[in-house]
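[1] curious how this folds, go ahead:
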Amino acid sequence: MKLQCIVLVFLILCSGCKEEKKLTKETSQEKPNILFIAVDDLRPEIGAYGSEIAVTPHMDQLASQGILFENAYCQQAICSPSRASLMTGARPETINVFENYNYFRDENPDIITLPQHFKNNGYETVYAGKIYHGKFTDSALSWSRQPAVDKVKFKRPKLVGGYALKKNQEIYRKNQAEIRAKYTSNSHYALGRGPAYESADVPDHAYTDGYHTELAIATLKDMVEKNDRPFFLGLGFRLPHLDWLAPKKYWDLYDREQIPMAEHNKAPVDGAAMGLHASFELRVRHGIPKSGPIEGELARTLKHAYLASVSYVDAQIGKMISALEESGVRDNTIIILWSDHGWHLGDMGVWGKATNYEIATRVPMMIWTPNMPNESRGKKSDALVELIDMYPTLTELAGLELPNHLEGQSFVPLLTNPKRKWKKAAFSQFPSPAIREWAANPLTPEMRETYFGPLIEEVEGRIIKQQGEKWNRDLFENDLMGYSMRTEQYRFVAWKDRKNAQSKPVYVELYDHETDPDETKNIASEHIELVEQLTIQLSKGWRGNLAANP
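    Next up is the predicted model:
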């Protein structure tokens with residue numbers, strides 16, 4: 001294993017010694033292409049962000065050539081709301097999407113999405129993998145063509161439940177059969193899952209993310225051959241979302257005994273009782289305890305699985321960028337890489353996303369542009385940026401007009417001066433994680449009658465004890481929203497009735513990142529005046545940033 005790591009480091013260093021390849025393919029197009037790389041559930045657990053364990057040479061190399069944003073934040077730490085927000089350029093509160101089951105078109109039929117805007121301005125727009133969430137692909141409006149399935153040299157993998165190993169496929173089939181016999185609603189089929197992880201000795205394309213990379217590469221070559229329109233190509237990776245299913249060779253990159261575990265695995269002192277959940281999404285997996293802490297060797301295996309998944313995705317990103325270079329179009333292609341939200345790996349005692357804290361809301365984001373000043377390349381920006389800022393940024397870089405509905409701010413000025421003054425705050429939100437399902441929807445009776453019932457009763461007891469006379473089941477289950485604001489120094493969370501914007505928060509949280517970067521203690525009660533100031537700033541929201549920015 002040590003020899004593998006030495007060889008890997010040597011190859012990375014050698015590649016870094018070479019001057020960036022000069023590409024000479026002639027093209028008549030003036031607009032830049034866009035390579036839009038989405039990674040699901042990836043927290044900043046990569047080498048470029050300081051991880052001492054993650055093996056991620058290709059993302060690290062991209063960061064060394066472009067700009068990496070140290071303080072990038074999602075607008076809601078769950079798949080569909082986050083992706084709907086960034087793809088429409090409007091915040092969850094505006095588009096009224098807070099749950100995975102809500103389709104943004106149902107609430108906003110005429111809103112112009114990011115790829116749709118590029119399509120409307122002459123771009124070929126296409127994707128492979130996960131860009132939007134689930135079935136909400138917006139196929140009719142966002143995309144101009146289908147990916148080149150007929151030109152992929154590998155067949156789409158025939159997986160059962162995503163698993164390559166027969167034993168895991170059988171576990172999945174059995175659990176699915178039991179849950180489908182019990183419930184008629186497909187919204188509960190996720191209760192019958194297979195194992196949370198798999199290490200199979202198979203080639204990369206045997207799993208979905210590897211296949212989708214091959215599909216994106218084939219589609220890229222198909223578009224370049226025609227060479228008549230600029231392209232917006234989305235490549236979305238499902239991993240490291242559960243389940244963590246990665247080829248064995250990526251597991252072998254790690255010595256499991258050297259994998260560091262979460263340093264702070266307890267809830268914040270005086271934190272909101274409704275702010276953390278019972279790791280619902282992980283507990284539905286086969287072999288995961290249905291109650292109690294997830295720790296010891298199981299916890300180590302789970303983090304190993306997460307890291308293996310990250311390295312697998314990193315290798316696919318390397319293949320995609322190499323294909324871009326080989327096709328001769330990298331010198332006219334903007335590459336942007338992002339994750340839809342972070343993920344707790346035992347941090348605060350939680351496994352999953354779906355909180356308002358730093359671990360869930362902070363994401364990796366980096367960009368490379370052909371015309372970026374050399375002095376900016378390889379730099380890190382500490383500026384507060386948000387996923388919603390990608391829409392106006394890419395639009396400006398492409399020389400297109402900005403739609404009027406956008407609620408993000410282009411960070412193009414940061415590409416020439418990564419250290420310049422920027423936003424005063426980034427904003428996220430999440431409705432009562434403790435008493436909602438992992439898709440962020442209110443708890444169903446079916447959920448309460450499963451093994452989750454006792455867990456839910458336990459957390460409700462903590463909420464009632466903390467909130468006293470403020471407890472109201474209808475409010476806390478349906479309308480209580482945690483509005484989170486990250487400033488340069490603080491994270492501030494106000495828990496409010498979202499249907500009554502003028503109401504006072506039922507609870508507030510304040511964490512000082514200068515003294516407590518892991519958010520281990522809520523100090524709101526010790527800083528009344530500061531809380532009042534931050535409450536006013538939060539009430540101004542993202543619009544309050546605009547007046548302050550140069």
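[2] tell me the pLDDT of residue 450.
    As predicted, residue 450 sits at a pLDDT of 88.
[3] please report the distance of it from residue 436.
    15 Å (C-beta to C-beta, to the nearest Å). In this view, the C-beta of every residue, glycine as well, is placed from N, C-alpha and C.
[4] neighbour count for the two, which is higher?
    Between residue 450 and residue 436, counted using other C-beta atoms under 10 Å, the more crowded position is residue 436 (26 against 19).
[5] check contacts around that one.
    277, 354, 442, 443, 477 (C-beta atoms under 8 Å, 6 or more residues apart in numbering).
[6] how about the helices in the stretch 101-250 of the chain?
    Remark: helices assigned in the stretch 101-250 of the chain by DSSP state H, counting those that start in this stretch are 104-107, 114-120, 139-142, 166-182, 208-226, 248-251.
[7] among the ones you listed, single out whichever gets nearest to residue 385.
    Ranking these by proximity to residue 385 (C-beta to C-beta) places helix 114-120 first, at 15.9 Å.
[8] the closest one packs against which elements?
    For helix 114-120, the elements it packs on are helix 79-88, strand 124-129, helix 139-142, strand 231-237, helix 390-397, judged by 3 or more C-beta pairs under 8 Å, 6 or more residues apart in numbering; DSSP states H and E.
[9] among the ones you listed, which comes closest to residue 118?
    When the helices and strands packed on helix 114-120 are compared (using C-beta to C-beta), the closest one is strand 231-237, at 4.4 Å.
[10] show me what that closest one pairs with in its sheet, parallel or antiparallel.
    With DSSP bridges as the test, strand 231-237 is paired with strand 33-39 (parallel), strand 124-129 (parallel).
[11] hmm, back to that, make JSON lines from the helices and strands packed on helix 114-120 and add distance to residue 324 and mean neighbour count to it.
    Below are the helices and strands packed on helix 114-120 laid out as JSON lines (distance: least, C-beta to C-beta, whole Å; neighbours: other C-beta atoms under 10 Å):
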{"stretch": "helix 79-88", "distance to residue 324": "22", "mean neighbour count": "27"}
{"stretch": "strand 124-129", "distance to residue 324": "14", "mean neighbour count": "24"}
{"stretch": "helix 139-142", "distance to residue 324": "21", "mean neighbour count": "14"}
{"stretch": "strand 231-237", "distance to residue 324": "9", "mean neighbour count": "26"}
{"stretch": "helix 390-397", "distance to residue 324": "16", "mean neighbour count": "22"}
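[12] for residue 503, find the nearest of those.
    Among the helices and strands packed on helix 114-120, helix 79-88 sits nearest to residue 503 (C-beta to C-beta), with 22.2 Å.
[13] between strand 33-39 and that closest one, find me the angle.
    Angular relation of helix 79-88 and strand 33-39 on a 0 to 180 degree scale: 160 degrees, by axes from the mean of the first three to the mean of the last three C-alpha atoms, to 10 degrees.
[14] reformat the helices of the stretch 101-250 of the chain as JSON lines; add distance to residue 94 and mean pLDDT.
    Formatted as JSON lines, the helices of the stretch 101-250 of the chain follow (distance: least, C-beta to C-beta, whole Å; pLDDT from 0 to 100):
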{"stretch": "helix 104-107", "distance to residue 94": "10", "mean pLDDT": "96"}
{"stretch": "helix 114-120", "distance to residue 94": "15", "mean pLDDT": "98"}
{"stretch": "helix 139-142", "distance to residue 94": "18", "mean pLDDT": "96"}
{"stretch": "helix 166-182", "distance to residue 94": "36", "mean pLDDT": "95"}
{"stretch": "helix 208-226", "distance to residue 94": "30", "mean pLDDT": "97"}
{"stretch": "helix 248-251", "distance to residue 94": "39", "mean pLDDT": "98"}
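[15] distance to residue 43 added to these, as a markdown table?
    Converted to a markdown table, these look like this (distance: least, C-beta to C-beta, whole Å):
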| stretch | distance to residue 43 |
| --- | --- |
| helix 104-107 | 25 |
| helix 114-120 | 23 |
| helix 139-142 | 27 |
| helix 166-182 | 25 |
| helix 208-226 | 17 |
| helix 248-251 | 17 |
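[16] and residue 270, which of these is closest to it?
    Checking the helices of the stretch 101-250 of the chain against residue 270 by C-beta to C-beta gives helix 104-107 as the closest, at 35.9 Å.
[17] neighbouring contacts of the closest one?
    With C-beta under 8 Å, 6+ apart as the test, helix 104-107 has contacts from 84, 87, 88, 95, 96, 97, 111, 136, 138, 141.
[18] and the residues you listed, which two are the farthest apart?
    Among the contacts of helix 104-107, 96 and 141 lie farthest apart (C-beta to C-beta), at 18.5 Å.
[19] average pLDDT for stretch 317-326?
    Averaged across stretch 317-326, the pLDDT comes to 98.
[20] ok, the spatially most central residue of the chain - contacts?
    Geometric centre of the chain, nearest residue: residue 340, 2.2 Å, by C-alpha atoms, centre = their mean. Counting by C-beta under 8 Å, 6+ apart, residue 340 touches 38, 39, 40, 41, 74, 79, 82, 83, 86, 363, 387.
[21] local confidence estimate at it?
    Looking at residue 340, its pLDDT is 98.
[22] nearest residue to it other than its sequence neighbours?
    residue 82 (4.3 Å; C-beta to C-beta, 6 or more residues apart in numbering).
[23] before we move on, what SS does the residue of the chain positioned farthest from its centre have?
    What lies farthest from the middle of the chain is residue 469; by C-alpha atoms, centre = their mean that is 36.4 Å. Here residue 469 is recorded as helix under DSSP: H, G, I helix; E, B strand; the rest coil.
[24] that one: what's it in contact with?
    Listed by C-beta under 8 Å, 6+ apart, the contact set of residue 469 is empty.
[25] distance of it from residue 502?
    Distance of residue 469 to residue 502, given as C-beta to C-beta: 20 Å.
[26] before we move on, what about residue 508?
    From residue 508 across to residue 502, the span is 16 Å (C-beta to C-beta).
[27] more neighbours: which of the two?
    A count of neighbours by other C-beta under 10 Å puts residue 508 above the other of residue 508 and residue 502, at 21 against 7.
[28] parallel or antiparallel, list what pairs with the helix or strand hosting the more buried one.
    Residue 508 belongs to strand 507-512 when elements are defined using DSSP states H and E. Strand 507-512 pairs in its sheet with strand 490-497 (antiparallel), by DSSP bridges.
[29] which residues does the strand it pairs with contact?
    Here strand 490-497 makes contact (C-beta under 8 Å, 6+ apart) with 272, 274-275, 356-358, 475, 479-485, 503-513, 519, 530-531, 534-535, 538.
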